[in-house]
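[1] I'd like to go over a predicted model; first the sequence, then the structure.
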Amino acid sequence: MRIEPITAQYLTESLHVIQAAFATAPHTDGHEADLVKALRQSPTYHADYDVVALNDAGQVIGHAMLSPATVGDKQWPLFVLAPLAVRPDSQGQGVGGALLTYLEIQAGEDARRGLSILGDPAYYSRFGYQPAKNFGITAPTAVPEENFLLKELFPGGLQGVSGQLQYAPEFGL
């Protein structure tokens, strides 16, 4: 498996992976691929934060994307991971964790303070994600508290940061 930034060659296949991954997900709105298409058209889109996992045959087996976000009146800079998707026949093989780790390293080179995820706490806590409430950060819409998670991108990155997370406009929140 290898992970690399998206190229035109993988755009359509990445959307198919997202649709397949979320087809049976317990928490989905069914529009994850549409969100990715919209984010790719955003003026803040950065291809280095739009990545695919490829198997040895060069097929897309996973996709993940970061988009910029801010917190509170001071507009503290963060990233949002949305979505993280792994083809159903490749799940449980470390693909999602590899995508997440890759993006965390990429994001660590940016001036962002942390990474926000709306996801399964049992899964993401393995990678150091904690409830956002531990940092005094709230969601802009009603979401289960246990699913709204954050991780500092560097030690102390979220110290003193508080307020409501503001997603990119493409999220429609």
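    Sure, I can see it.
[2] Nearest the middle, which residue of this protein would you pick?
    Closest to where the C-alpha atoms of the chain average out (Cα atoms, centre = their mean) is Leu81, at 1.3 Å.
[3] Provide a list of residues in contact with the nearest residue to it once chain neighbours are set aside.
    Spatial nearest neighbour of Leu81, excluding adjacent residues (Cβ to Cβ, 6 or more residues apart in numbering): Ile117 at 4.8 Å. The way it works is simple: take the backbone N, C-alpha and C, and place the C-beta from them, glycine included. Counting by Cβ atoms under 8 Å, 6 or more residues apart in numbering, Ile117 touches 80-82, 84, 124, 129, 149-151.
[4] Pick out the lowest-pLDDT one from those.
    Lowest in pLDDT among these is Ala82, which has 90.
[5] and the longest helix for the protein?
    Identified as the longest helix of the chain according to DSSP state H is helix 95-108.
[6] And the helices in this structure?
    11-22, 32-40, 95-108, 121-124.
[7] Going by neighbour count, which residues of the last one are buried?
    So that's helix 121-124. For helix 121-124, the buried set under the neighbour-count rule, 16 or more other Cβ atoms under 10 Å, comprises 121, 124.
[8] can you list contacts of it?
    In contact with helix 121-124 (Cβ under 8 Å, 6+ apart) are residues 96, 117, 129, 131, 146-147, 149.
[9] do that again at 10 Å, thanks
    Here helix 121-124 makes contact (Cβ atoms under 10 Å, 6 or more residues apart in numbering) with 81, 84, 96-97, 100, 115, 117-118, 129-131, 144-151.
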